[in-house]
Structure formats: C-alpha cells, structure tokens
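S.K.: generate a structure from the sequence data that follows.
(2 chains)
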Amino acid sequence: MSTAACPPTNTAAPSAAAFAAALLDPTRPAPAGLQTHNGSDPGVRFNVYRNNVVAALTGALAASFPVITALIGPPRFATLAHAFIAAAPPTAPVLTAWGEAFADFIAAFPPAAGYPLLPDLARLEWLWLRAAQAADAPALTAPALASRLAAPAALLAARPRLHPTVGLLASPYPVVSLWAAWQQDPRPAPLPSPADLPTGRGEPEQALVVRTGGTVAVVPIPPATAAFIAALAAGQPLAAAAGAADGLDLGLSLAILIRHEALCAWD
Amino acid sequence: MHPAYLQPSRPGPRPPARVGIGLKPQHVAALLDRPADLAFVEVHAENYLVDGGPRLAQLAQIRARYALSIHGVGLSIGGPGPLDAAHLDRLDALLRRFQPAWFSEHLAWSSHGGRYLADLLPLPYNQATLNRVCDHVDQVQERLGRRLLLENPSTYVEFAASSMTEGAFLAEVVRRTGCGLLLDLTNAYISAVNHGRDAWDLIQAVPAAAIDELHLAGFAEDRDAAGARLLIDTHGAPVATAVWALYRRTLAAIGPRPTLLERDQAIPPLAELLAEAARAHALLQAATPGPAPAAAPATPASATRVGHAVPAPLLGMARTAAWAPGGSR
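M.R.: Reported below is the predicted structural model:
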C-alpha cells in the first residue's frame, strides 16, 4: 500500500488487492508481509479473517432467505451461499440490499437442478425483503377513490400508481403456499425428494407482496389479477391493463389493491 | 485549528457517563414497553440504511426514549481507495434524522475493488496508512459535520511493514484530525493477547481526553499454529474477567466514560444483558467522584464463559454433487 519510501520486499505490506484475493480464495496462501509475535504460521491467523467474511455473508444471506434456508437445510444453504458469495459478492456494506441476483443464481446452480421451484421461492423472499424496506408513502384510501369510481369514463383512462412496496410474483409452482406453510410452522424440514415436490403441473400460483401498516403481506391472487397488476406496474392506464388480463374480475382486483393499500396515487 | 464541531468540550447535551447496550431486534418491544434504566442504545448504521418501513419506525420510537449511538461498520476508513460517497450520503441522512449522541467507525478497512468484504480488516501502522486514515477521517467529519469516534480494532495478524504501535498511530490520528476515540477494551485485550503485548500500553498511549466511549464485549478462544492463545472477537459471550479488570483499571486512570455492552451473537434474554450492564454501571459509579455511589444493582454470577472457536473457512469448497433428498441438519 505504501507508495513513498518503498521498504525492502520482505517487509512490504501486502496490497489490499493481494489481501482481498487471498481472503476470498482459501486455496491461495496467506498474503506476504504478515508477521506473528511468536513466529507461528500467519496462515492460521489469517484464516480467522477468511472465516469471518464467509460467516458474515452466509449469515446475512440466510437472514434474507429464511425459507430457502429452512427448506434445503443449513449445510446445503452454506454450499449455495459460498458459491454465490464467490460469484456475486456484495458491492456495498448494506447487506439487506444484497441478494437480488440470488434467485437467478439458484436457477443456474447445478446441485439444485432437481428443485425448480427454489428460484421462485427465492424471488418471493426477495420481494418480501424489498417490501419491508421500501420507502414510506401514503396509500390511497377507499373514500379517496369513491369520487373516481363514480366517473367511469375518466376512470378507464386513469393510471393507478402502485405503492413503492408492491411486488408481484407469478410462478408455475405453488411457492406461495409453501412460503405460507413455513410462516405457520417455521421449522427446518427435511428436503423432500423432487418426486414429492409439486412440479408445476397445473399448480401455478401468484402473489401480491405489499407492506400494509408496517407489516408485509403476501396475498395470493388469481392469474388475471396478477396480469392486471403487472400491466399497471408497466404504466398502462386502467382500461388497457384490464384488457390485457383474460377473465379479469376488475372489481375484485381493485378491491384487493385498495384493501392492502397497494395504490398510492391515481393519475 | 479544528472546526467548532470537533472541539471535545463542545456545548450541548451529552449522555452521562453511564451504560448502554447494543439494540437487538428481539429486545425492541420490551425496551419500548418498559423503558430500562439505560443511558443509551447503540445500533449499527448499516442495518438502518433503508428507504423506509418498520425498522426505521422502530428506531424512531427507541430514539424518543433513549439516547442513541450510531456505530458504522462499512466506511472502510483504512481502505486504499476513496471513501464511498453514496454510502457517506446515506449515513449523513441517517444521522440528520436520528441525531445520535455519537457516530463511530473503525480503524480498519472492509471494501476493495467494488467488493464489500464484510469484516474489519487490519492495517499496517506506518506513515502511508496514517496519511490515508487522516485524510479519510477529515473527509468523514467534514461531510457529516460532526466529530467521529474512531475505534481500535481487534486483530489476528501484524504487518512487517508496521513502523509504529497502534496506540501511537491512534494518538497521531486524534492529534491531526481532532476526532475522538471509541476505546474498545475487549479489542485492546484481544489484540494484546494475540500479539504478545500488554493491553495497558495502548490505553496509556492514547490521549485520555479524546476517549468519549468505551466498548465491552465477549470473545472466543482458539489457538494459533504454535498453540498460543488466539482470541476471536465474537461479541457472542459475556464480558471476560480479564476485561472487567481492564475496565476497572481504565476507569481509575481516565475517569468514568459512557460504556456500551455489545452482544451480536448468541443474544441472551434482555434481562441477562441488563444484568451485565448493571455490573458495568456499578463499576462506573465506583469510579465517579462526588456523592456516595448508589447501591450497586445485582450482578450476574459468572462472566467468564467464552464462546466456541470459529470453524475452518469453507469458501470455495462448494460441493458440486446434486442435492439428495433427506435430513437437512
């Protein structure tokens, strides 16, 4: 790290780059330039730092994805987390903002290939975390919307704006039920055989994720409502969004959005 | 001449020299329901750098009842690269909103090349590091408009390139930047044991007037390659007997200081933390000049147990076989 007055090679401090590279790769030796008061191998002591990094990041990821951790079990989760840390480490010190890429990483992680619902479960957990931390904003209330609903022509051209906490999941797998079951009984469970897990045949599920009054809700919704909300999220006016969703119950869908405080403006 | 906000004797309310604890999510409800006799609580800044939601709302409720210390772990003040301007901006917004009594950070580095390494990494103590740390401390204090408390680290290795002691290094940072010190007595003890030194050397080397806060925590014990004691800073156990002794000696030498009990692993029930805080409170009272000290609250029976040694690193050892069904633990 020193630039001026370069000391002899054997006493130079390791660069941060060399230190960091050795930190993240246990097959490398400890960086040169370390010393110990008793002449013992600095590698053993350097391993404390290596362990701290992995333990801190694995713990942070497990805290963000508790259902994935419980479903596959801590040892498998550690394997997965270590691979993710190597591939996509955090870029900033706020660890609750790290993990958006985890679902896609699981989808491409060969040992998890027999469990195709895990990526969508991770997406749901990420939406939950995001909803818990998104900006506060006043939600539209039913009375505030009453006058709008009384003017149908203007209503159809309106663009309801979703609350900053809103997330939407549409999965070919019953991950919403799986997530909800774990909320009821949050215990580590043995990983079921792939044959025992729903494979997606005829059991798609959709959820609206939204923070209401300080609590994040995961609300199961019909497929057409999910398509409708996705169109609103893309900025479509109400009529176009409703038209994009086959078999939509517009009244029910709006009621869900209003009841869960999922709208914050009506432009 | 340092700006007015760096003067240690600046006016305005400062928490009394009493005891605080680290705020853990599982204790928030109890601390709000039945306010505890705590001078302050401390939180890690990075846990609250979110846009909104219940976590910030809870901190606002806590702040309404307790003084607050905000402790950063991610600024990488000792890092070779420039400080993360976006991170500083977010810290500034947090400090403006919650107006803590102190903001502290570490004499360490934690980011490099766009990666956050999630640990407090050691620095060689030489002129090049000193210049860099002082530059960064100056930048932080200027950006935040407040005095930073810099914490001495726990370390496991030393550098052949070090040319000064940790105490001399910290004293020089204080002299050049006007920052204050957060003296972590557990870190002082851990580093002293790990490097065959006397913890008292550090405490004597730093300017007592700059010490605005003390930290106490527990550690785990391991062995190095030669079988010598290697203490690991876990914040996962009660304060050890040797650290209580160092605390007593420090208070006698520098006088009472606000003191934080840190616990970040193996979090016990709140009552247990408060009992440990009461023990620190009794020692603070005994070290406080003036009227006879109040009766000491009950103290825990034993504070000598330490945690488990940390297992070997696993990074890069990922199995590639497909997962098989079956037990998860």
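S.K.: and A:Ala55, how far is that from A:Leu80?
M.R.: In this view, A:Ala55 and A:Leu80 are 15 Å apart by Cβ to Cβ, to the nearest Å. No exception for glycine: its C-beta is placed from N, CA and C like everyone else's.
S.K.: how much space separates B:Ala36 from B:Gln26?
M.R.: According to Cβ to Cβ, B:Ala36 and B:Gln26 sit 14 Å apart.
S.K.: who's more crowded, those two?
M.R.: Per other Cβ atoms under 10 Å in any protein chain shown, whichever of B:Ala36 and B:Gln26 has more neighbours is B:Ala36, with 16 against 9.
S.K.: for chain A, what's the longest helix?
M.R.: Longest helix of chain A, by residue count under DSSP state H: helix A:42-64.
S.K.: mind saving the C-alpha coords of the host helix or strand of B:Ala245 as CSV?
M.R.: Applying DSSP states H and E as the criterion places B:Ala245 in helix B:241-254. Output of helix B:241-254 as CSV, limited to C-alpha atoms (Å, rounded to 0.1, in the frame of the first residue of the first chain):
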residue,chain,number,x,y,z
THR,B,241,-12.9,-11.4,33.9
ALA,B,242,-9.7,-10.1,32.4
VAL,B,243,-11.6,-7.4,30.5
TRP,B,244,-13.6,-6.4,33.6
ALA,B,245,-10.3,-5.9,35.3
LEU,B,246,-9.0,-3.8,32.4
TYR,B,247,-12.2,-1.8,32.6
ARG,B,248,-11.8,-1.1,36.3
ARG,B,249,-8.2,-0.1,35.8
THR,B,250,-9.1,2.2,32.8
LEU,B,251,-11.9,3.9,34.8
ALA,B,252,-9.5,4.5,37.7
ALA,B,253,-6.9,6.1,35.3
ILE,B,254,-9.1,8.2,32.9
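S.K.: which residues touch the helix or strand that comes right after that helix?
M.R.: The helix or strand immediately downstream of helix B:241-254 is strand B:259-261, counting by DSSP H and E. Contacts to strand B:259-261, defined as Cβ atoms under 8 Å, 6 or more residues apart in numbering or on different chains, come from residues B:17-22, B:40, B:42, B:69, B:213-217, B:239, B:247, B:273, B:276-277, B:280, B:284.
S.K.: what about the residue of the stretch 51-200 of chain B at minimum distance from chain A, which SS state?
M.R.: Residue of the stretch 51-200 of chain B nearest chain A, by Cβ to the nearest Cβ: B:Gly74 (2.5 Å). Judged by DSSP: H, G, I helix; E, B strand; the rest coil, the three-state class of B:Gly74 is coil.
S.K.: now do the phi/psi pair for it.
M.R.: Dihedral pair for B:Gly74: phi -120, psi 10, per degrees, to the nearest 10.
S.K.: now do the SS call for the closest residue to it other than its chain neighbours.
M.R.: Closest residue to B:Gly74 apart from its sequence neighbours, by Cβ to Cβ, 6 or more residues apart in numbering or on different chains: A:Pro93 at 2.5 Å. What three-state DSSP gives for A:Pro93 is coil.
S.K.: also B:Ile70?
M.R.: Assignment for B:Ile70 (three-state DSSP): strand.
S.K.: check contacts around it.
M.R.: Applying Cβ under 8 Å, 6+ apart to B:Ile70 gives the contacts B:Glu42, B:Val43, B:Ala45, B:Tyr48, B:Leu94, B:Leu95, B:Phe98, B:Pro100, B:Trp102, B:Phe103, B:Ser104.
S.K.: before we move on, back to that, A:Ala55 and A:Leu80: which is more packed in?
M.R.: A:Leu80 (27 against 20).
S.K.: for B:Tyr116, see how far away that one is.
M.R.: 20 Å.
S.K.: same check on A:Arg259?
M.R.: Using Cβ to Cβ, A:Arg259 is found at 39 Å from B:Tyr116.
S.K.: the two: who's more crowded?
M.R.: Remark: of A:Arg259 and B:Tyr116, B:Tyr116 carries more neighbours, 24 against 12, as counted by other Cβ under 10 Å.
S.K.: quick one, phi psi at the more buried one?
M.R.: The phi/psi pair for B:Tyr116 (degrees, to the nearest 10) is phi -90, psi 120.
S.K.: my guess is B:Gly113 meets A:Phe19, correct?
M.R.: No. Judged on Cβ atoms under 8 Å, B:Gly113 makes no contact with A:Phe19 at a distance of 11.0 Å.
S.K.: of the two, who's got more company?
M.R.: Set B:Gly113 next to A:Phe19 and count neighbours by other Cβ under 10 Å: A:Phe19 wins out with 25 against 13.
S.K.: can you tell me the closest non-neighbouring residue to the more buried one?
M.R.: A:Phe19 sits nearest to A:Pro31 (Cβ to Cβ, 6+ apart), 5.0 Å away.
S.K.: swap in A:Ala78?
M.R.: The shortest distance from A:Ala78 to any non-neighbouring residue, by Cβ to Cβ, 6+ apart, is to A:Thr58 (5.8 Å).
S.K.: then B:Asp233?
M.R.: Nearest residue to B:Asp233, sequence neighbours excluded (Cβ to Cβ, 6+ apart): B:Ser154, at 3.8 Å.
S.K.: the one you found: which element?
M.R.: Per DSSP H and E, there is no helix or strand for B:Ser154.
S.K.: so how far is B:Ala101 from it?
M.R.: Here B:Ser154 is placed at a distance of 24 Å from B:Ala101 (Cβ to Cβ).
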